[in-house]
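Colleague: whatever this is, show me its structure:
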Amino acid sequence: MYFANNSRLLSISNGENINFRELAFEYTGTSIYGAANTAPIRNIIIEDCTFYNTNTGISFISYTVDGVLHENDNIQIKRNSFDVTRFAVKTQARDIDNTATPPLKNNTATRHLNLAIMDNTITNVSIAGQFALNDSSQDIEAISLQNPHDTTITGNSIHHAVRQDDAVINPAGYTLSSGGVVVWVHPDQTVDNLRIERNHLNDLGIGIAVGASPFHRLNNVIIASNIVNDNDVGIHLNSGDINGMSGAYFNTLVNNHISLRLNSGGQDYNIFNNISVNPTEYHVYIAEVHGFTSQFDYNLYVPDGPLFFFDNLATPYADIDEWRDAINAMTGLVGEANSLTANNTGFVSTSPINPADFQLTNKSPARDSGIDIFDVSEDFSGGSRSKGRAPNIGAWEN
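Modeller: Numbering: from 1, shown residues only. Below is the predicted model of the structure:
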């Protein structure tokens, strides 16, 4: 079935047990829209659909209405294709107070439960500022989630979006940039049990960004086995996990301006088994005004050099040895003790583009050089990590 040329095409309110399959949408404002303003939306499957030239492909809003929670639950979005869009998938949380005059609508801590976003292809995200040049908002995010709980984002391919280098300016004077997977958390909420795994994110502003608060607002957030290449920032971590259960593991980060950035409040993360290759600025950039408490180890950095930066310094650390000393001084921990540097990563391709190009040769320094991570058992392809004397560093075990 084909839908086109409308501001909002399929609207769900108080919907349950609905399957949208093999639909085609073109030139729409929002193609599929679900608002839980009267009751929660539950058990929705959206699969094998195509979305072309849409501001927002799929949008769901959870509500708190006069103090009553309407939290959307069990929504699956899988094997869809999005091309030329601003938001492929967007979830938001709203509060409605009907006792006020007029009724008030605000952001809220209401959650989205059991959301699965799997095996979708998203391309051409606001390349020339499409859909973003008629308002003052800077938000351009392929997958944009607010307050997710028990959520998986896996197997998605997200490519080609507006970046700061493109110098596209919106009416408010901001230079537009994009995000691949962006997760927001309300100051009164915690993101629990989120997995971002086995995705390929390429040519974006930020590949993966998590958190939006200077305090601990995450619990068990796992970012693992992703391939993130040729972006402004590969992985951007805000907030933190007071229980130390969140982290970035086994990711392959190549040719980004900054491979890994921890912003103010990005505390108590575990950063293990990642490959960072040829960043144009830094392997690691720390902007930690609230204190540095994250742990780094078993990573591979190619090459070594002044590519580690903490924002209370005028210049970067000269090399990984200075970076190790700094971690020890700030945390009292022996950081990067088992991490490696090299001049060559040993990918099977000297100019990797497609996911298979980032597999490792037998002579790669990343092979069998990692450490087992509880609850991260699969590589980028979904294969087992138990193949050698130790797991490989990076996304591929092969």
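
Colleague: going forward, measure contacts between C-alpha atoms and count neighbours the same way
Modeller: Fine.

Colleague: just how off-centre is stretch 227-242 within its chain?
Modeller: 7 Å (Cα atoms, centre = their mean, to the nearest Å).

Colleague: average pLDDT for stretch 270-284, rounded please.
Modeller: Across stretch 270-284, the average pLDDT comes to 97.

Colleague: where does the protein have low pLDDT?
Modeller: Scanning the chain for pLDDT under 70 picks out 1-8, 100-105, 213-216, 264-265, 288-291, 312.

Colleague: now the helices for it?
Modeller: Applying DSSP state H to the chain gives helices spanning 320-331.

Colleague: center of it - which residue?
Modeller: For the chain, the residue nearest the mean C-alpha position is residue 208 (2.7 Å; Cα atoms, centre = their mean).

Colleague: quickly list what it is bridged to.
Modeller: residue 181, residue 235 (DSSP bridges).

Colleague: what's around residue 368, how many residues?
Modeller: Counted by other Cα atoms under 10 Å, the residues lying close to residue 368 total 17.

Colleague: one more: the one 4 residues further on?
Modeller: Counted by other Cα under 10 Å, the residues lying close to residue 372 total 14.

Colleague: ok, now which ones touch it?
Modeller: 390-391 (Cα atoms under 8 Å, 6 or more residues apart in numbering).

Colleague: mind checking how far it is from residue 226?
Modeller: 17 Å (Cα to Cα, to the nearest Å).

Colleague: list the contacts for the residue nearest to the centre of the chain?
Modeller: Each residue near residue 208 by Cα under 8 Å, 6+ apart is listed here: 179-182, 234-236.

Colleague: in CSV, list those residues along with neighbour count.
Modeller: Written out in CSV, the entries for the contacts of residue 208 read as follows (neighbours: other Cα atoms under 10 Å):
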residue, neighbour count
179, 29
180, 35
181, 23
182, 23
234, 34
235, 26
236, 20
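
Colleague: farthest-separated two in those residues?
Modeller: 182 and 234 (11.9 Å; Cα to Cα).

Colleague: wait, doesn't residue 254 sit right on residue 279?
Modeller: Yes. Residue 254 is within contact range of residue 279, at 6.8 Å (criterion: Cα atoms under 8 Å).

Colleague: for burial, what's the neighbour tally of the closest residue to residue 15 other than its chain neighbours?
Modeller: The shortest distance from residue 15 to any non-neighbouring residue, by Cα to Cα, 6 or more residues apart in numbering, is to residue 41 (5.1 Å). Using other Cα under 10 Å, residue 41 has 27 other residues around it.

Colleague: for residue 41, give its distance to residue 11.
Modeller: Counting by Cα to Cα, the gap from residue 41 to residue 11 is 11 Å.

Colleague: what residues are shared contacts of these two?
Modeller: 34-35.

Colleague: contact partners for residue 267?
Modeller: Per Cα under 8 Å, 6+ apart, neighbours of residue 267: 216, 238-242, 291-294.

Colleague: hang on, the earlier thing: just the contacts of residue 208 now: which is nearest residue 82?
Modeller: residue 180 (12.8 Å).

Colleague: show me what contacts that closest one?
Modeller: Counting by Cα under 8 Å, 6+ apart, residue 180 has contacts 141-143, 158, 201, 204-209.

Colleague: residue 89: which of these is nearest?
Modeller: Nearest member of the contacts of residue 180 to residue 89, counting by Cα to Cα, is residue 143, at 4.9 Å.

Colleague: looks like that closest one contacts residue 182 (just checking).
Modeller: Yes. At 6.1 Å, residue 143 counts as touching residue 182 under the criterion of Cα under 8 Å.

Colleague: okay if I get the contacts of residue 208 as JSON lines plus distance to residue 21?
Modeller: As requested, the contacts of residue 208 are exported to JSON lines (distance: Cα to Cα, whole Å):
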{"residue": "179", "distance to residue 21": "27"}
{"residue": "180", "distance to residue 21": "24"}
{"residue": "181", "distance to residue 21": "24"}
{"residue": "182", "distance to residue 21": "26"}
{"residue": "234", "distance to residue 21": "33"}
{"residue": "235", "distance to residue 21": "32"}
{"residue": "236", "distance to residue 21": "34"}
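
Colleague: can you show me the strands along the stretch 251-398 of the chain?
Modeller: 252-254, 258-262, 270-272, 275-277, 282-286, 295-297, 300-302, 308-310, 340-341 (DSSP state E, counting those that start in this stretch).

Colleague: to residue 353, which of the ones you listed lies closest?
Modeller: strand 252-254 (9.9 Å).

Colleague: now do the closest one: everything it contacts.
Modeller: So strand 252-254 is contacted by 225-230, 234, 259, 274-279, 358, 394-395 (Cα under 8 Å, 6+ apart).

Colleague: can you give the distance of it from its chain's centre?
Modeller: On Cα atoms, centre = their mean, the centre of strand 252-254 falls 14 Å from that of its chain.

Colleague: strand partners (parallel or antiparallel) of that strand?
Modeller: With DSSP bridges as the test, strand 252-254 pairs up with strand 227-229 (parallel), strand 275-277 (parallel).

Colleague: would JSON lines of the ones you listed with mean neighbour count and distance to residue 93 be doable?
Modeller: Formatted as JSON lines, those follow (neighbours: other Cα atoms under 10 Å; distance: least, Cα to Cα, whole Å):
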{"stretch": "strand 227-229", "mean neighbour count": "29", "distance to residue 93": "28"}
{"stretch": "strand 275-277", "mean neighbour count": "27", "distance to residue 93": "35"}
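
Colleague: okay, now the nearest residue to residue 169 once chain neighbours are set aside: neighbour count?
Modeller: Closest residue to residue 169 apart from its sequence neighbours, by Cα to Cα, 6+ apart: residue 175 at 4.4 Å. Residue 175 has 17 neighbours, counted by other Cα under 10 Å.

Colleague: residues in contact with residue 175?
Modeller: 164, 167-169.

Colleague: who touches stretch 42-56?
Modeller: Contacts of stretch 42-56 (Cα under 8 Å, 6+ apart): 15-31, 57, 72-90, 131.

Colleague: now restrict these to buried residues only.
Modeller: 15-16, 24-31, 57, 72-90, 131 (16 or more other Cα atoms under 10 Å).
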